[in-house]
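Enquirer: sequence below, structure please.
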Amino acid sequence: MSVTQVRWMRSGSGEDDRTLSHAARQLARYVERMTGDEWDVGPTREVGPAAGTAWLGVCHTMPEPPTGPMAPAPWDDGFAVWAQDGGLFIVGRNARSVLFGVYAFLERQGVRYVRPGRSGEVVPKREEIALPEEPLVEEPRYRHRGLCIEGAPSVKHALGMVDWAAKKRMNTIFLQFFSSQYFYNRWYEHSYNPLYRGHPISEAQALTLDERVIAAMKRRGLVFHRVGHSWTSAAFDMPRSGWVKADDAEVPEQYRRFLAEVNGERKLFQGIPINTELCYSHQPALDRFVDNVVRYAEEHPELDVVHVWLSDAPNNKCECENCRPLTISDWYARIINALSEKLAERAPDTRFVFLCYFELLWPPEQVEIDESRGNAIMMFAPISRCYGHALPDPDCDDGQEWTRPPLNQFSASRNNAYFIQRLADWRKAFQGDSFDFDYHLMWANWQQLTDTGIARIYYQDLQKLKDLGLDGIISCQSFRNFYPSGLAMTVLADALWNPDVAWDELRRGYLKAAFGPHADLADAYLSRTEEMLATEDPHRRQPPFSHCGGPALVEAESYLRGVLEDLTDRRKAEPDRVYRRSLELLSHHAQFLLHLVGAYQVRAAGKPALSNLELDRAADFLRRTEARVSPYLDTELALRCSVEPHRVE
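Expert: Just a heads-up that it's a prediction; the model follows:
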């Protein structure tokens with residue numbers, strides 16, 4: 001007997017029921033797209049006869065899977081999918097996991113999610129849905145599997161990324177600051193592209209857009225993180241959503257004493273409120289910092305995790321005689337302990353994140369962190385790490401011994417061995433929950449001009465991340481990041497869930513899903529261009545093509561022109577819109593690379609000024625084509641990281 005209806009089990013929680021209802025509707029919607037059959041969808045309070053029904057629910061409300069019991073868990077995901085007595089059962093450890101189980105079941109039917117939106121979804125036609133012959137039971141390797149807003153997104157881009165992330169079983173979205181205005185305005189102002197008529201949005205408008213994004217997260221049961229930097233400036237009544245400058249006179253006089261004393265002065269650090277540190281030995285400043293966080297958590301019950309970071313700058317810490325006896329990490333440990341106690345009392349459902357970053361890469365020396373309440377999460381952020389090597393690669397070592405720097409004399413290695421040592425020190429000081437806050441798709445992919453090298457680094461990182469004491473990644477990156485292939489985004493999501501799939505299998509599976517009959521061509525193109533873009537720098541910081549002589553540039557131009565013709569012909573003839581869009585992105589990439597090759601050819605001929613003109617054409621190409629590729633390519637970041645580094649003065 002075939003399935004004809006979906007019933008989701010009421011959980012007793014309004015939020016969970018919203019996610020379960022969404023999961024049921026998603027299942028029915030994709031089944032209809034595949035088979036044309038319409039499944040009836042509705043809630044229920046008890047499981048009836050199994051035949052003809054798909055039953056969805058959290059494990060404590062559902063029959064036990066044939067593989068053994070499951071325990072409910074708000075933070076840890078897992079699901080079981082099985083057929084029994086002519087029915088289908090999809091059970092999760094939480095409502096979010098039920099949705100993940102739905103998407104996993106649909107993947108077993110051949111559905112694939114290669115990019116946000118319908119033009120990124122492979123939905124095959126089928127006569128009927130196949131029930132699983134054996135139970136499918138999965139739990140992810142990593143607890144924290146998330147994305148952090150950056151770049152230049154519209155609300156449409158953000159909503160598309162939330163939807164895609166859930167389909168790829170990522171469980172976390174992090175919106176920085178008190179609103180996402182800073183990031184939205186990169187898109188809505190469009191200062192980087194005069195072909196658009198820009199219009200900045202206000203803080204109130206940004207919060208309205210955020211509400212739509214948060215509602216989309218909640219519908220999917222995703223874990224909602226917020227804020228980060230801004231707490232220091234909020235303590236002196238100058239909260240800012242972003243790295244905006246202000247006049248020193250704007251600091252309220254009653255809070256001037258709160259500011260860190262640097263070089264004998266208490267003022268805004270480099271004129272940026274969120275980069276300004278506090279004088280933590282001044283008890284009113286520390287108390288106001290902590291109380292602001294707790295009140296915010298009380299006023300925002302929709303928030304699951306509040307990020308409590310210090311300022312976003314090094315060498316700005318207070319030099320007053322009362323602050324000097326403790327390191328900044330020790331002052332931070334005092335804040336962590338106070339927050340842990342007060343949040344447990346006043347907002348017990350909210351956890352908080354503390355940040356290991358800049359001077360905070362060294363753990364406290366004198367103040368022990370109280371882990372007894374379990375509401376603190378350590379976030380390790382190796383912002384200046386190398387993306388030519390995996391994080392634990394022993395070859396990425398400068399051979400120097402880096403000791404804790406004196407006050408306001410911070411500097412850092414860009415080699416990964418340095419960060420591994422800092423992490424090992426922190427894991428001795430704090431054994432609780434943790435994750436890696438990393439930047440693979442923030443700058444490195446745009447600088448390397450391809451996402452395939454970064455995909456491999458992601459994969460290698462995720463083989464060992466848990467061994468290093470980190471339980472996942474929240475990727476600080478543009479929300480428009482599926483260029484030229486989308487492989488890195490898929491590797492991030494898939495390897496966070498299951499890093500045991502072999503690299504070649506993961507890569508090949510994605511290319512087949514995204515390019516269909518053109519997978520071999522795509523594989524060859526991506527391999528050839530990655531090799532072409534590699535420099536003699538093992539850390540991959542040198543601009544691609546900058547080391548090439550004339551013959552290598554001629555060879556690159558010849559290859560790109562030939563493959564571009566093939567890609568264009570295939571794209572025009574391809575009837576499937578998913579494969580057609582994938583080919584279009586590769587064609588776009590080949591055209592962009594041709595402009596860069598042209599710039600270096602002119603430079604090799606001794607005409608540097610003309611090379612900058614060719615780079616202007618590359619920039620114009622990105623601007624002209626933005627409307628077509630905006631969900632996949634962040635033009636603002638590409639202009640800044642993929643074009644400007646190639647200019648000559």
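
Enquirer: just the buried positions in stretch 223-239, please.
Expert: 223-236, 238-239 (16 or more other C-beta atoms under 10 Å). Every C-beta, even on glycine, is put in place using the N, C-alpha and C of the backbone.

Enquirer: now do the contacts for the nearest residue to Phe419 once chain neighbours are set aside.
Expert: Closest residue in space to Phe419, ignoring its immediate chain neighbours: Pro382 at 4.1 Å, by C-beta to C-beta, 6 or more residues apart in numbering. Going by C-beta atoms under 8 Å, 6 or more residues apart in numbering, Pro382 touches Leu391, Asn416, Phe419, Arg422, Leu423, Asp436, Asp438.

Enquirer: from those residues, which two are the most distant?
Expert: Using C-beta to C-beta, the two most remote members of those are Arg422 and Asp438, lying 14.1 Å apart.

Enquirer: higher neighbour count, those two?
Expert: For Arg422 versus Asp438, the count of surrounding residues by other C-beta atoms under 10 Å is larger for Asp438: 27 against 21.

Enquirer: export the contacts of Pro382 to CSV and append columns for secondary structure.
Expert: Converted to CSV, those look like this (DSSP: H, G, I helix; E, B strand; the rest coil):
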residue, secondary structure
Leu391, coil
Asn416, helix
Phe419, helix
Arg422, helix
Leu423, helix
Asp436, strand
Asp438, strand
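
Enquirer: possible to save those as TSV with distance to Gly198 and pLDDT?
Expert: TSV is the format used below for the contacts of Pro382 (distance: C-beta to C-beta, whole Å; pLDDT from 0 to 100):
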residue	distance to Gly198	pLDDT
Leu391	38	97
Asn416	39	97
Phe419	38	97
Arg422	41	97
Leu423	41	98
Asp436	35	98
Asp438	31	98
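
Enquirer: flag the shaky bits of this structure, pLDDT-wise.
Expert: Across the chain, the ranges flagged by pLDDT under 70 are 1.

Enquirer: what does the domain assignment say about the protein?
Expert: Per automatic domain parsing, the domain ranges recorded for the chain read 5-138, 144-509, 514-646.

Enquirer: now the terminal residues of the longest one, how far apart.
Expert: Translated: domain 144-509. Separation of the first and last residues of domain 144-509 by C-alpha to C-alpha, to the nearest Å is 24 Å.

Enquirer: same deal with the shortest one?
Expert: The first residue of domain 514-646 is 31 Å away from its last residue (C-alpha to C-alpha).

Enquirer: quick one: the helices in the stretch 501-649 of the chain?
Expert: 503-515, 519-533, 550-573, 577-604, 608-624, 626-629, 635-638 (DSSP state H, counting those that start in this stretch).

Enquirer: give the other helices and strands that the first one contacts.
Expert: I take that to be helix 503-515. Other helices and strands packing on helix 503-515, by 3 or more C-beta pairs under 8 Å, 6 or more residues apart in numbering; DSSP states H and E, are helix 452-464, helix 487-497, helix 519-533, helix 577-604.

Enquirer: list the buried ones in the longest one?
Expert: Judged by neighbour count (16+ other C-beta under 10 Å), helix 577-604 contains these buried residues: 578-604.

Enquirer: got it, and stretch 398-410?
Expert: Across stretch 398-410, burial judged by 16+ other C-beta under 10 Å covers Trp402, Pro405, Asn408, Phe410.

Enquirer: so which of those is the closest to Val501?
Expert: The closest of the buried residues of stretch 398-410 to Val501 turns out to be Trp402 (C-beta to C-beta; 35.5 Å).

Enquirer: which parts of the stretch 101-250 of the chain are strands?
Expert: For the stretch 101-250 of the chain, the strands defined by DSSP state E, counting those that start in this stretch occupy 112-113, 121-122, 136-138, 144-150, 172-176, 223-228.

Enquirer: ok so, going back, just flag the most distant two among the buried residues of stretch 223-239.
Expert: For those, the maximum inter-member distance is 30.6 Å, found between Val223 and Phe236 (C-beta to C-beta).

Enquirer: what about Gly87, how many residues close to it?
Expert: 21.

Enquirer: now do the contacts for Asn416.
Expert: Per C-beta under 8 Å, 6+ apart, neighbours of Asn416: Pro382, Arg385, Cys386, His389, Ala390, Leu391, Pro392, Asp393, Cys396, Asp397.

Enquirer: burial count for the last one?
Expert: By other C-beta under 10 Å, 16 other residues sit near Asp397.

Enquirer: I figured it was touching Gln421, is that so?
Expert: No - using C-beta atoms under 8 Å, Asp397 is not in contact with Gln421, being 9.7 Å away.

Enquirer: what about Gly516, distance to Ala130?
Expert: According to C-beta to C-beta, to the nearest Å, Gly516 and Ala130 sit 21 Å apart.

Enquirer: neighbour count for the two, which is higher?
Expert: Between Gly516 and Ala130, counted using other C-beta under 10 Å, the more crowded position is Gly516 (17 against 12).

Enquirer: which residues does the more buried one contact?
Expert: Applying C-beta under 8 Å, 6+ apart to Gly516 gives the contacts Val122, Asp576, Val578, Tyr579.

Enquirer: cool, Asp461 as well?
Expert: In this structure, Asp461 makes contact with Ala390, Leu391, Pro392, Asp436, Asp438, Ile473, judged by C-beta under 8 Å, 6+ apart.

Enquirer: out of these, who's nearest Ala215?
Expert: Closest approach between the contacts of Asp461 and Ala215, by C-beta to C-beta: Ile473, at 25.0 Å.

Enquirer: bridge partners for the residue lying closest to the closest one once chain neighbours are set aside, pull those for me.
Expert: Distance criterion C-beta to C-beta, 6+ apart; nearest residue to Ile473, sequence neighbours excluded, is Asp436 at 4.8 Å. Beta bridges link Asp436 to Phe380, Ile473, judged by DSSP bridges.

Enquirer: verify the stated contact: Asp436 with Phe380.
Expert: Yes - Asp436 lies in contact with Phe380 (C-beta under 8 Å); the separation is 5.6 Å.

Enquirer: which neighbours do the two share?
Expert: Joint contacts of Asp436 and Phe380 (C-beta under 8 Å, 6+ apart) are Leu470.

Enquirer: how many residues are close by the residue nearest to Met378 when sequence neighbours are not counted?
Expert: Leaving out its chain neighbours, the residue that sits closest to Met378 by C-beta to C-beta, 6+ apart is Ser434, at 4.1 Å. Residues within reach of Ser434, counting by other C-beta under 10 Å, total 24.

Enquirer: OK, contacts around the residue nearest the centre of the chain?
Expert: In the chain, the C-alpha nearest the mean C-alpha coordinate belongs to Leu147, at 2.5 Å (C-alpha atoms, centre = their mean). Shown in contact with Leu147 (C-beta under 8 Å, 6+ apart): Met161, Ala165, Met170, Thr172, Ile173, Phe174, Ile474, Ser475, Gln477, Phe479.

Enquirer: if it is in a bridge, with which residues?
Expert: Beta-bridge pairing of Leu147 under DSSP bridges involves Ile173, Ser475.

Enquirer: if I look at it, how far off is Phe358?
Expert: Counting by C-beta to C-beta - Leu147 and Phe358 are separated by 23 Å.

Enquirer: cool, and Arg404?
Expert: Counting by C-beta to C-beta, the gap from Arg404 to Phe358 is 12 Å.
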